[in-house]
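Novice: Quick check, what structure comes out for this input:
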Amino acid sequence: ADRRTRDELNVLESAAFISADAGNYWNSTNVSNTILDVFAMAAGGVSTLNFREFSDDMTDGYADWLNDTVGQEFLGVPTPFDYAECDSDVSDDFYDDNMESIAAIYPFIFEKIPVLFYNGQDDDNCDYEGVMNYLNM
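Specialist: Got it, this is the predicted structure:
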């Protein structure tokens, strides 16, 4: 990365830590996502959802695949099923939880509702190995 990009990343990293230390996890998460986008662009437009792919528009096709009969049959989802991403208000309400473990509530959740874990091993924003280690416990 060039000097300007490295300087930008240093400023963003400091801002993320300052926000997290102050308990502003929503802002810290947003700044961290911006850091990932800067890295992706510095790497030539690599997709943040699959580091083996490059994209100009930084989008992905997972929602299309999840709404396709082939994807649903592969996952064992009853068809037809209309997949839609969560409303951003829902995810925004969980920003404060990003820094806290929720491992203790998983058994309760698994007893009540069926859960599908989708965690991309090629996604630079997922702790793939950490999640797999947890699920294999």
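Novice: following the host helix or strand of Val31, which helix or strand shows up next?
Specialist: Assigned by DSSP states H and E, Val31 belongs to helix 25-42. Beyond helix 25-42 in the direction of the C-terminus, DSSP H and E gives the next helix or strand as helix 62-67.
Novice: quick one: buried residues of the helix or strand that that following helix is followed by?
Specialist: Past helix 62-67, heading to the C-terminal end, the next element that is a helix or strand (DSSP H and E) is helix 69-75. Buried positions in helix 69-75, judged by neighbour count with 16 or more other C-beta atoms under 10 Å: Gly71, Gln72. Just so you know, the C-beta spots here come from the backbone N, C-alpha and C atoms, and that holds for glycine as well.
Novice: for stretch 9-29, same thing?
Specialist: Of the residues in stretch 9-29, those buried by neighbour count under the rule 16+ other C-beta under 10 Å are Leu9, Leu12, Ala15, Ala16, Ser19, Ala20, Tyr25, Asn27, Ser28, Thr29.
Novice: Now it: average pLDDT?
Specialist: Averaged across stretch 9-29, the pLDDT comes to 88.
Novice: Nothing else from me, thank you.
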